[in-house]
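Peer 1: Model the structure of this input:
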Amino acid sequence: MNEAGIWPLELTCRFGYPGFAILGALQSESWATLFQRMLRRDGRRFATAPGYAVGVVLTVPPFPYRYGYAEISRGLPITIDPTLTPAERARLQFGEVAQDAHGQLIASGIAGYLLVATGTGLSVEAARDSAYRLAERVYVPNV
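Peer 2: Numbering: from 1, shown residues only. Prediction:
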């Protein structure tokens, strides 16, 4: 988005990655509640936070490719800053992440799509900065 208007980068007609995480950052109701309301058809509006949401996708090599992922990145440790508040932790939407036998978060899956760090703000820039500040508190080799 700039002074000339809005220029879409992608059109997705489904709740996909990372769209659902970014949209969810502005929702006041849970996805479960929202879908229940849609099924009941009891309203065409839902509450949202004001402003904008931005998501930063954290990946490891060879994302977006699968070849070599098992050898390069599967099993990498993921450490999250222990001082994050519950509200900050809620802004991390996990993808291909698992826990090992010792409770350590690790990269799993098939392509290295680890998580989305979301941020919100009254401007796009503020939302972006919020998302990057959160993303910087997730530690993964080669992220």
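
Peer 1: now stretch 75-92: how far from the chain's centre is it?
Peer 2: Distance of stretch 75-92 from its chain centroid, counting by C-alpha atoms, centre = their mean, to the nearest Å, is 12 Å.

Peer 1: where along this protein do the strands fall?
Peer 2: Here the chain has its strands, by DSSP state E, at 52-59, 77-80, 92-94, 97-99, 105-107, 113-121, 138-139.

Peer 1: Highest mean neighbour count out of those strands?
Peer 2: strand 113-121 (a mean of 23; mean count of other C-beta atoms under 10 Å). In short, each C-beta sits where N, CA and C put it, glycine included.

Peer 1: To Phe35, which of the strands of the chain lies closest?
Peer 2: Comparison of the strands of the chain against Phe35 by C-beta to C-beta identifies strand 92-94 as nearest, at 17.1 Å.

Peer 1: Run me through the strand neighbours of the closest one, direction for each.
Peer 2: If you go by DSSP bridges, strand 92-94 pairs up with strand 113-121 (antiparallel).
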